[in-house]
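Asker: compute the structure for the input listed below.
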Amino acid sequence: MKNLSNLTTANIGVGIHYLQEDNPHTIGLEIAKWYETISM
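Answerer: Here you go, the predicted model:
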């Protein structure tokens, strides 16, 4: 787990084939929330 210390999972909703096209705003929000929590 040492290499996965910044791993976060999120339920982004239903997707048919390309999840990033079906849920772009939710994915962007989740990435922004994750980025704020990582330690540099």
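
Asker: Ile38 reaches Asn6, doesn't it?
Answerer: Yes - between Ile38 and Asn6 a contact is recorded at 4.8 Å, counting by CB atoms under 8 Å. All C-beta atoms are positioned from the backbone trio N, CA, C, and that covers glycine.

Asker: what's the burial count for Ile12?
Answerer: By other CB atoms under 10 Å, 16 other residues sit near Ile12.

Asker: so for it, what's the pLDDT?
Answerer: Note on Ile12: pLDDT of 89.

Asker: same thing with the one 4 residues further on?
Answerer: The score at Ile16 is 86. That number is its pLDDT.

Asker: same deal with Leu19?
Answerer: 87.

Asker: residues contacting it?
Answerer: When contacts are counted by CB atoms under 8 Å, 6 or more residues apart in numbering, Leu19 touches Ile12, Ile27.

Asker: which residue sits closest to Glu30, ignoring its sequence neighbours?
Answerer: Leaving out its chain neighbours, the residue that sits closest to Glu30 by CB to CB, 6 or more residues apart in numbering is Ala10, at 4.3 Å.

Asker: give me the distance between that neighbour and Glu36.
Answerer: 14 Å (CB to CB, to the nearest Å).

Asker: okay, these two: which has more neighbours?
Answerer: Neighbours were counted for Ala10 and for Glu36 using other CB under 10 Å; Ala10 has more, 12 against 7.

Asker: where does that one sit: helix, strand or coil?
Answerer: coil (DSSP: H, G, I helix; E, B strand; the rest coil).

Asker: quick check: it vs Ile16, distance?
Answerer: 18 Å.

Asker: could you dump the lowest-mean-pLDDT helix or strand in the chain to PDB, C-alpha only?
Answerer: Among the helical and strand segments of the chain, the one scoring lowest on mean pLDDT, DSSP states H and E is helix 19-22, with a mean of 90. C-alpha atoms of helix 19-22 as PDB (Å, rounded to 0.1, in the frame of the first residue of the first chain):
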ATOM      1  CA  LEU A  19     -17.100   6.800 -18.900                       C
ATOM      2  CA  GLN A  20     -15.300  10.100 -19.400                       C
ATOM      3  CA  GLU A  21     -17.900  11.100 -22.000                       C
ATOM      4  CA  ASP A  22     -20.900  10.000 -20.000                       C
END
